[in-house]
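Engineer: predicted structure and sequence below. I'll ask about it afterward.
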Amino acid sequence: MEKEESSSSFSTGKSAQEGALPYVPDCYVIPSSHRPNMAPEAAYVPIIDFGRLNEGREQRSMVIKEIGNACSRLGFFQIVNHGICQSILDGALSTAFDFFKLPSEEKMKFMSGDVHRPVRYSTSLKDGIDEIQFWRVILKHYAHPLDHWIDFWPKNPPNYRENMGKYCTEERKLALELMSAITESLGLGPKYLVNKMDEGMQVMAVNCYPPCPQPDISLGLPPHSDYTCLTIVLQSSPGLEILDTEDGSWKMVPKMQSSLQVHVGDHLEVLSNGRYKSVVHRAILNRGSTRISLASLHSLGMDEKMETAKELVDEKNPKGYKESSFRDFLNFLSKNDLAEGKSFIDTLKIKN
Ligand SMILES: O=C(O)CCC(=O)C(=O)O
Ligand SMILES: [Fe+2]
């Protein structure tokens, strides 16, 4: 991508407010101890063949075990044979690229600093009021129930609603199947959360990281865990890093054709009473090309409290977490800056 195109395509709120020439956000310069390694080690990522879930009881129980191991040891894994066809994955990524290439005025229609808005475009985690600008632009929108939200989504590019709608629908089906497998892996049975997940929220975070002139001193997205039950990530190119809790180093998540990355979120940590830990991750940048990631965030309904499963509480494992809802997270986000290391899950932990 040429420089001029990238800067005009990724103009932020500031440029419009100030009437300035095309503007690229300031780098978020991070302390040297947290700067990215430009040649990171690859993370070990378990690959789970999802198709085997429906290939009889024996195969299913093996896959459930693999999922349980990945969740308890690492908090993430990748799935292949997930049933979403390549044209739907490609269609979602390409319409996302096209959205960010639109003229600023078109994107600014969705600009908002209010984290409670169901559709919003922003240039940092809390937007607008932040002093720190991240090297990221984002379009976030609710996606379930689709017919309720789709009319609020961008009309441009013209195929946005169709392509992203198809992708969100498929993602959600997958997320529900995954949650069933996960509750089964916890010994709670496949139906444990089905009704609540049916009524649940799906938020699509469409992240765009333009080429960055100084990727060695910047970050696209600071370290955080997702508030969700689970998150499914599709990336156009590598850039997602996972914190290795064993040695404290950052490891790069490899991008495999057609596979989807699954993250344990904070609410799953709560449900499992800490057996599964939400995974801390971040996004790094590169000089050469724009990177897009689609993070599909799945949780219970807006005001439905996620509680620790009582089946997983006993004398040896006392209840370790307070209950909370998606709205509680949004209220936390509106008052706290994740970039300063504030973490939602820390506010839920009960000191036993
Ligand atoms: O860009 C990525 O790969 C990660 C995105 C992410 O973590 C998020 O949107 O929560
Ligand atoms: Fe995330």
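Structural biologist: That came in fine, so what should we check first? Residues are numbered from 1 along each chain as shown. Ligands and ions are numbered 1, 2, ... in the order given.
Engineer: please, which helix or strand holds the residue of the stretch 1-150 of the chain found nearest ligand 1?
Structural biologist: For the stretch 1-150 of the chain, the residue closest to ligand 1 is Ile138, as judged by Cβ to the nearest ligand atom, at 7.5 Å. All C-beta spots, glycine's among them, are computed from the backbone N, C-alpha and C. Element membership for Ile138, per DSSP states H and E: strand 137-142.
Engineer: would you mark the buried spots in the helix or strand that that strand is followed by?
Structural biologist: Using DSSP H and E, the helix or strand that follows strand 137-142 towards the C-terminus is helix 146-149. Under the neighbour-count criterion of 16 or more other Cβ atoms under 10 Å, helix 146-149 has 146, 149 buried.
Engineer: what are the C-alpha coordinates of helix 146-149, in PDB please?
Structural biologist: Coordinates of each C-alpha in helix 146-149 appear next as PDB, following Å, rounded to 0.1, in the frame of the first residue of the first chain:
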ATOM      1  CA  LEU A 146     -28.400 -10.300  13.200                       C
ATOM      2  CA  ASP A 147     -31.800  -9.000  11.900                       C
ATOM      3  CA  HIS A 148     -31.900  -6.700  14.900                       C
ATOM      4  CA  TRP A 149     -28.500  -5.100  14.300                       C
END
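Engineer: are the very next helix or strand once past that helix and ligand 1 in contact anywhere?
Structural biologist: Using DSSP H and E, the next helix or strand after helix 146-149 towards the C-terminus is helix 160-185. No - using Cβ under 6 Å from any ligand atom, we find that helix 160-185 stays clear of ligand 1, coming within 13.5 Å at best.
Engineer: just use 44 as the starting number from now, easier for me
Structural biologist: Yep, numbering from 44; the last one is helix 203-228 now.
Engineer: what angle separates helix 203-228 from strand 180-185?
Structural biologist: Between helix 203-228 and strand 180-185, the angle formed by their directions is 70 degrees, by axes from the mean of the first three to the mean of the last three Cα atoms, to 10 degrees.
Engineer: tell me the mean pLDDT over helix 203-228?
Structural biologist: The average pLDDT within helix 203-228 is 98.
Engineer: try stretch 348-360
Structural biologist: Stretch 348-360 comes out at a mean pLDDT of 98.
Engineer: buried residues of that stretch, list them for me.
Structural biologist: 348-352, 355.
Engineer: ok, of those residues, which one's closest to Glu284?
Structural biologist: Glu284 lies nearest to Met349 out of the buried residues of stretch 348-360, by Cβ to Cβ, at 26.5 Å.
Engineer: so who does the closest one touch?
Structural biologist: 272, 310, 313-314, 342-343, 366-368 (Cβ atoms under 8 Å, 6 or more residues apart in numbering).
Engineer: try His125
Structural biologist: 93-94, 217, 302-303.
Engineer: if we use 7 Å, what do you get?
Structural biologist: 93, 217, 303 (Cβ atoms under 7 Å, 6 or more residues apart in numbering).
Engineer: so which residues make contact with the strand holding Ile181?
Structural biologist: With Cβ under 7 Å, 6+ apart, strand 180-185 has contacts from 53, 142-143, 153, 161-166, 192, 196, 244, 246-251.
Engineer: given that strand, what are its sheet partners and their directions?
Structural biologist: strand 162-165 (antiparallel), strand 244-252 (antiparallel) (DSSP bridges).
Engineer: okay, those strands in a markdown table with distance to Lys362 next?
Structural biologist: As requested, these are exported to a markdown table (distance: least, Cβ to Cβ, whole Å):
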| stretch | distance to Lys362 |
| --- | --- |
| strand 162-165 | 35 |
| strand 244-252 | 24 |
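Engineer: let's have those strands in a markdown table, adding mean pLDDT.
Structural biologist: Supplementary listing: these in a markdown table, determined by pLDDT from 0 to 100:
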| stretch | mean pLDDT |
| --- | --- |
| strand 162-165 | 94 |
| strand 244-252 | 97 |
